[in-house]
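J.: Sequence and predicted structure below; questions after.
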Amino acid sequence: MECPLCGEDLVYWDTYGRLFSHQDGKVLGEIYMCPIGRGDEEGECESAIFNVSGSFYTDLQGNLNEGYPC
């Protein structure tokens, strides 16, 4: 998957959803990071200004969204 802001390959970071033992275990999507937006690699990416720098996530439909899922 590619960063829609700078074109760098996104790195899989984690899944998110209702994953605690008292919840139903439903995975709602995946979290990805842009290595340039996080500052791990040289270059510039607008995702560096996100609340969680370089973060993107997929929703239930598989659409890539900017930011970190709340």
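T.: Cool, the structure landed. Residues are numbered from 1 along each chain as shown.

J.: Which helix or strand contains the residue nearest to the spatial centre of the chain?
T.: Central residue of the chain (C-alpha atoms, centre = their mean): Phe56, 2.6 Å from the mean position. According to DSSP states H and E, Phe56 maps onto strand 55-58.

J.: Ile31 too?
T.: Assigned by DSSP H and E, Ile31 falls in strand 27-33.

J.: Using CSV, list the CA coordinates for that strand.
T.: C-alpha atoms of strand 27-33 as CSV (Å, rounded to 0.1, in the frame of the first residue of the first chain):
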residue,chain,number,x,y,z
VAL,A,27,-11.3,-6.3,13.9
LEU,A,28,-12.4,-3.0,12.4
GLY,A,29,-9.3,-2.3,10.3
GLU,A,30,-5.5,-2.1,10.1
ILE,A,31,-3.1,0.7,11.0
TYR,A,32,-0.3,1.7,8.6
MET,A,33,2.6,4.1,9.0
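
J.: can you pull the buried residues of it?
T.: The neighbour-count check on strand 27-33 (16 or more other C-beta atoms under 10 Å) flags Gly29, Glu30, Ile31, Tyr32, Met33 as buried. (Glycine included, C-beta is placed from N, CA and C.)

J.: what residues are up against the fourth one?
T.: When you say that, I think you mean Tyr32. Met1, Leu10, Val11, Tyr12, Trp13, Ser55, Phe56, Tyr57, Thr58, Leu64 (C-beta atoms under 8 Å, 6 or more residues apart in numbering).
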